[in-house]
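Q: quick one: sequence plus predicted model below, questions after.
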Amino acid sequence: MELPDDAFKLSHDGRRATLEAKDVCVLDSFQFGGPVMVPASVSFKIRWDATGPRERRGNGSAVPPTDPAAFLGRFADARSTGTFSGSEVGFSFNGRADTTGGFAQLGPERNGVFLP
């Protein structure tokens with residue numbers, strides 16, 4: 001799936017992000033990785049809004065590269081909401097979801113060769 005260049009938008013203060021795509025062409029199968037593929041399209045809009053302050057996370061290159069803490073980031077707890085739709089011949093769906101009762105974070109991260 002290839003998204004348009006302007007699909008992701010981040011506010012100037014980094015406290016709000018949106019990922020949106022309309023009528024993206026995909027292939028659907030009736031079983032994961034199955035042999036029958038049919039053309040379909042999907043649309044979605046997901047928005048993250050920070051609800052708290054950013055906190056530093058990770059240990060960067062102070063730990064081995066295989067350590068799960070081998071990253072640096074500044075993350076804020078967030079609320080996330082999304083709308084989703086898709087269609088193919090004979091089938092379509094529309095839905096909404098949010099992180100009420102769940103979890104979302106928003107913030108920049110760097111890992112791997114971007115650590116130094």
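A: The structure has been received and is ready for your questions. Numbers count the residues shown, from 1 in each chain.

Q: please enumerate the strands of this protein.
A: Per DSSP state E, the chain carries strands over the ranges 8-10, 16-29, 37-50, 55-57, 71-88, 91-98, 105-106, 109-111.

Q: how about these in CSV, adding mean neighbour count?
A: The C-beta positions use only the backbone N, C-alpha and C, and glycine is treated the same way. Written out in CSV, the entries for the strands of the chain read as follows (neighbours: other Cβ atoms under 10 Å):
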stretch, mean neighbour count
strand 8-10, 13
strand 16-29, 14
strand 37-50, 16
strand 55-57, 12
strand 71-88, 16
strand 91-98, 11
strand 105-106, 20
strand 109-111, 13
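
Q: who wins for proximity to residue 63 among these?
A: strand 71-88 (9.5 Å; Cβ to Cβ).

Q: returning to what we had before: mean pLDDT for the strands of the chain: which is lowest?
A: Mean pLDDT per stretch puts strand 109-111 lowest among these, at a mean of 90.

Q: neighbouring strands for that one, and are they parallel or not?
A: Each strand pairing with strand 109-111, determined using DSSP bridges, is listed with its direction: strand 71-88 (antiparallel).

Q: now the partner strand and strand 16-29, what's the angle there?
A: Between the axes of strand 71-88 and strand 16-29, defined by axes from the mean of the first three to the mean of the last three Cα atoms, to 10 degrees, the angle is 50 degrees.
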